[in-house]
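Asker: Here's my sequence, what's the structure:
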Amino acid sequence: MKTPAPRTHSAIRQHGNTLPDSTRTGGQRTLLAAVVIGTAVVTIGVAALLVSIFEHKQEARRPFVRLVEVDEATTDPAVWGVNWPDQYDSYLRTVDTSETEYGGSSAMPASKLESHPWLKRLYAGYAFSIDYREARGHAYMLHDQEVTERVTKRTQSGACLHCHASIVPTYRRMGLESMEQDASPEALAAGFNWPAVMEGFRIASTMDYATAHAELFKTPDGSPAKETAAGDGGEEDGAVDGEDVHAHIGDAHPVGCIDCHDPDSMHVRVTRPGFVNGIAALARSDDPVPHLPSINRWREGDRKEPYDPNRDASRQEMRTFVCAQCHVEYYCASKETLFFPWENGLKAEQIEETFDNHKFPDGTAFYDYKHGETGAPVYKAQHPEFELWNQGIHARAGVSCADCHMPYERRGAMKVSSHWVRSPLLSINRSCQTCHNVPEEELKGRVEAIQARTQSLLTRAADAMTDMLDAIRAAQAAGATDEELQPIFELQKKGMWRLDFISSENSKGFHADQEAARLLGESIDYCRQAQAMALQLRAPDAPESDRPVEPVQGVTPAEKPTEP
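Answerer: Got it, this is the predicted structure:
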């Protein structure tokens, strides 16, 4: 059998099993071109990615560009907004367009007196019985205070501006003037000067509201001078010849950037004298505060210097302390300098003990006001969010106010803390779910359940309070003497203090639900005790009962069996 001859190259080409040389060369060139183009595209993409990463890193390293200078006298937040526009824009949004069920703010603050008429009786004899509305955000806090009927119809203390106005440079100026030191605009802008601030704070606390408010306009606010509408460079809003940058321009300013940030470093800081004194008093107390480690470290140290949050506190603690400058309980009237009553601790009964033992400078016993219906001296709670938060699980877990109310958000490469301070229920994803891996609806349901239960207890406590007032007034009408009523007045004070402590606190119990329930339960108890005692004073003495005492009934034998 003959072996077939091998197929020649020409034969293969004739049978079409390969491409012509020219075609094969063209295909290779096309493939090579595709590879080159693909490589170029990938290279350009990688280069663009690297450039973008580099630019974002540089952006993160320089989170702002200082276009204008701010200093210790720049109270106008709009000037700070030139350098920090993201934070300023969110700060301006502090009037919420939507509300949570038990909180939030709106452009038309609702009257609490209309929605909860019992508040008029709780605050009878006090200006809050005239006008008491839902709070709005930081950008509006001074305006709302200026126009409330509590100020327009009654004389209030200048101490009220401690938390509503950007007033620290004014404190500094007044303090420097009192100490006969340089109070020029340059001196005000040069440094914080705590001794001068403390002295000015003391002076302003003795003034009435209108007088202290007028002092704000004597202090430069850092706003740029403005030209007139005609553009002739004339005077406007306090500017002299349109050039005096040291004048106070425009309106007084609410709490803003300078109140929480160092103008040189932008570090978070505490500026309010009341808080500095109060937190130092808390540090000296024996109240356990395991969630505030810097205070515990100070207590274990030599204590040569008072506790100073700006020196001793951690950054995470400061993210609560800047809020605790104002969201607290304090004495705010002109009989003495404003103070935070924390020398015995932060619980309601510890604050009550501080008030019970406190004397005014004239030696008289402390009280906030005499109740308009009964005449009993009572205490008025302000807005003790910090105090209640301290008793809750979030404080013990190291969660700060800013973590929930000012959650981080991304702006390009930067992680920015939102300055749209509002209810966490309006930003559950960023405020809550960073820690709680739970659906939004479930988290919202948990909060609303706590707040609904707190509201139910509030209603019961309010009913007990109004019944108590009715009984006391009936006893007074029946001729009960002040001496007879004295122990009842003490119970009235205790019951109303605890009710006010929770109703004035803005979380509706969420900051510490068990503590809120405990205080409302005690309020109900004290009010019912006072009601019962008042009814006894009103009723005539009962005759001695002649009803016979029934012997033991049931399966128990009347006589013990005789043993055999």
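Asker: Give me the mean pLDDT for stretch 41-55.
Answerer: The average pLDDT within stretch 41-55 is 72.
Asker: which stretches of this structure aren't confidently modelled?
Answerer: 1-26, 50-64, 95-108, 225-245, 552-561, 563-564 (pLDDT under 70).
Asker: What segments of the protein are strands?
Answerer: Along the chain, the segments classed as strands by DSSP state E run 369-370, 377-378, 408-411, 414-417.
Asker: Would you format these as TSV with distance to Y123 and mean neighbour count included?
Answerer: C-beta coordinates here come from the backbone N, C-alpha and C atoms, glycine included. Formatted as TSV, the strands of the chain follow (distance: least, C-beta to C-beta, whole Å; neighbours: other C-beta atoms under 10 Å):
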stretch	distance to Y123	mean neighbour count
strand 369-370	9	16
strand 377-378	10	20
strand 408-411	39	14
strand 414-417	36	14
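Asker: between the ones you listed, which one is nearest to D470?
Answerer: Nearest to D470, of all the strands of the chain, is strand 377-378, at 16.7 Å by C-beta to C-beta.
Asker: packing partners for that closest one?
Answerer: strand 369-370, helix 482-503 (3 or more C-beta pairs under 8 Å, 6 or more residues apart in numbering; DSSP states H and E).
Asker: To F321, which of the strands of the chain lies closest?
Answerer: strand 414-417 (14.9 Å).
Asker: Quick one, which of the strands of the chain gets closest to G45.
Answerer: Across those, closest to G45 is strand 408-411 (C-beta to C-beta), at 23.1 Å.
Asker: Just the CA atoms of the closest one, as CSV, please.
Answerer: Only the C-alpha atoms of strand 408-411 are listed here, as CSV (Å, rounded to 0.1, in the frame of the first residue of the first chain):
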residue,chain,number,x,y,z
TYR,A,408,-21.3,63.3,59.5
GLU,A,409,-22.0,63.6,55.8
ARG,A,410,-19.8,63.5,52.7
ARG,A,411,-18.9,66.6,50.8
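Asker: Show residues contacting that strand.
Answerer: The contact list for strand 408-411 (C-beta atoms under 8 Å, 6 or more residues apart in numbering) reads D86, K415, V416, S417, S418, R430.
Asker: would you turn these into a markdown table with distance to V399?
Answerer: Formatted as a markdown table, the contacts of strand 408-411 follow (distance: C-beta to C-beta, whole Å):
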| residue | distance to V399 |
| --- | --- |
| D86 | 24 |
| K415 | 18 |
| V416 | 19 |
| S417 | 14 |
| S418 | 16 |
| R430 | 14 |
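Asker: So which of the helices and strands packed on strand 377-378 is the most surrounded?
Answerer: helix 482-503 (a mean of 21; mean count of other C-beta atoms under 10 Å).
Asker: Which secondary structure elements does that helix sit against?
Answerer: helix 118-122, helix 348-357, strand 377-378, helix 440-477, helix 513-538.
Asker: how about those, which one is nearest D71?
Answerer: helix 348-357 (37.0 Å).
Asker: For stretch 70-86, buried residues please.
Answerer: 70-81, 83-84, 86 (16 or more other C-beta atoms under 10 Å).
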